[in-house]
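**Q** What follows is a protein structure lacking sequence information:
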């Protein structure tokens, strides 16, 4: 997999999608704000990202509001289902911590709180590891959903694993890690810009939309680097 080509191609796609297309950019910023303030109950911005994940070129228009809403909610559902193992890990370890804490309080021994703290920390660490592992699959699943238009295909693990195998598990994992590293650089830049009063906040809103499109296009290109199984 040519990671340099992935990055440059995705950057070019994002530039063509937004630079000079000011109304589209502003509209996507507005949709992002609506999505944030409604706690993702009106996920129109996510619906647009699904269109980009589907591999459409050139960049799709912001239209078909009903479809944007439905696709955004489908993405919400996919994300929540893939988070279930993480939530279960936290619940199990959290439950152990609560039981230990209650026992410690009943015993009146402050030192007995140590097991509760240990259980809680262990739960967070294990959940983090589970989340990282699942993320490599859930990201691919989201792109498969966008390409097929089928919610069920996000959980077609046979096809997902087969497709990743064609790309190469190492290649896909490295592709995701590269995207994470780019995200860290992006976050660092945002932090610097955020120090500018008011204007920095506005600039970050527009950059957030651009980075969202860049990420989606990057993942779509990585997905298309090998043919999908039937």
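**A** Thanks, I have the structure now. Quantities reported herein were computed from a predicted structural model and do not represent experimental measurements. Residues are numbered from 1 along each chain as shown.
**Q** tell me how far the ends of stretch 30-48 are from each other?
**A** Taking CA to CA, to the nearest Å, stretch 30-48 runs 12 Å from one end to the other.
**Q** same thing with stretch 38-51?
**A** From the first residue to the last, stretch 38-51 extends over 21 Å; the measure is CA to CA.
**Q** Give me the mean pLDDT for that stretch.
**A** When pLDDT is averaged along stretch 38-51, the result is 97.
**Q** got it, and stretch 149-167?
**A** Predicted confidence along stretch 149-167 averages 96 (mean pLDDT).
**Q** Use 34 as the first number for this chain going forward.
**A** In the new numbering, first residue 34, that becomes stretch 182-200.
**Q** Name the surrounding residues that touch that stretch.
**A** Residues outside stretch 182-200 that contact it (CB atoms under 8 Å, 6 or more residues apart in numbering): 34, 87, 107, 110-111, 114, 170, 173-175, 177-178, 205, 255-256, 258-262. No exception for glycine: its C-beta is placed from N, CA and C like everyone else's.
**Q** measure that stretch end to end?
**A** With CA to CA applied, stretch 182-200 spans 21 Å between its terminal residues.
**Q** where does the chain have its least confident helix or strand?
**A** helix 98-140 (a mean of 83; mean pLDDT, DSSP states H and E).
**Q** For residue 213, grab the count of nearby residues.
**A** The local packing of residue 213 (other CB atoms under 10 Å) involves 11 other residues.
**Q** can you pull the contacts of the residue nearest to the spatial centre of the chain?
**A** Residue closest to the average C-alpha location in the chain (CA atoms, centre = their mean): residue 172, at 6.8 Å. By CB under 8 Å, 6+ apart, residue 172 lies in contact with 209, 252.
**Q** Now do the contacts for residue 164.
**A** 116, 119.
**Q** From the contacts of stretch 182-200, list just the buried residues.
**A** With burial judged by 16 or more other CB atoms under 10 Å, the buried subset of those is 34, 87, 107, 111, 170, 173-175, 177-178, 205, 255-256, 258-259, 261.
**Q** Which helix or which strand is home to the residue nearest to the centre of the chain?
**A** Remark: residue 172 resides in helix 147-181, with elements defined by DSSP states H and E.
**Q** which parts of that helix are buried?
**A** Buried residues in helix 147-181 (16+ other CB under 10 Å): 148-149, 152-153, 156, 160, 163-164, 167, 169-180.
**Q** for stretch 205-214, which positions count as buried?
**A** Neighbour counts using 16+ other CB under 10 Å place 205, 208, 209, 211, 212 of stretch 205-214 among the buried residues.
**Q** State the pLDDT value of the third one.
**A** Residue 209 is assigned 97 on the pLDDT scale.
**Q** Tell me which other helices or strands the helix or strand harbouring it touches.
**A** Assigned by DSSP H and E, residue 209 falls within helix 202-227. The elements that helix 202-227 packs onto, with contact taken as 3 or more CB pairs under 8 Å, 6 or more residues apart in numbering; DSSP states H and E, are helix 36-51, helix 147-181, helix 232-256.
**Q** In CSV, list those along with distance to residue 63.
**A** Conversion of the helices and strands packed on helix 202-227 to CSV gives the following (distance: least, CB to CB, whole Å):
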stretch, distance to residue 63
helix 36-51, 14
helix 147-181, 22
helix 232-256, 9
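**Q** just so I know, which of the ones you listed lies nearest residue 60?
**A** When the helices and strands packed on helix 202-227 are compared for distance to residue 60 using CB to CB, the nearest one is helix 232-256, at 9.4 Å.
**Q** The closest one: which residues count as buried?
**A** Along helix 232-256, these residues count as buried under the neighbour rule (16+ other CB under 10 Å): 237-256.
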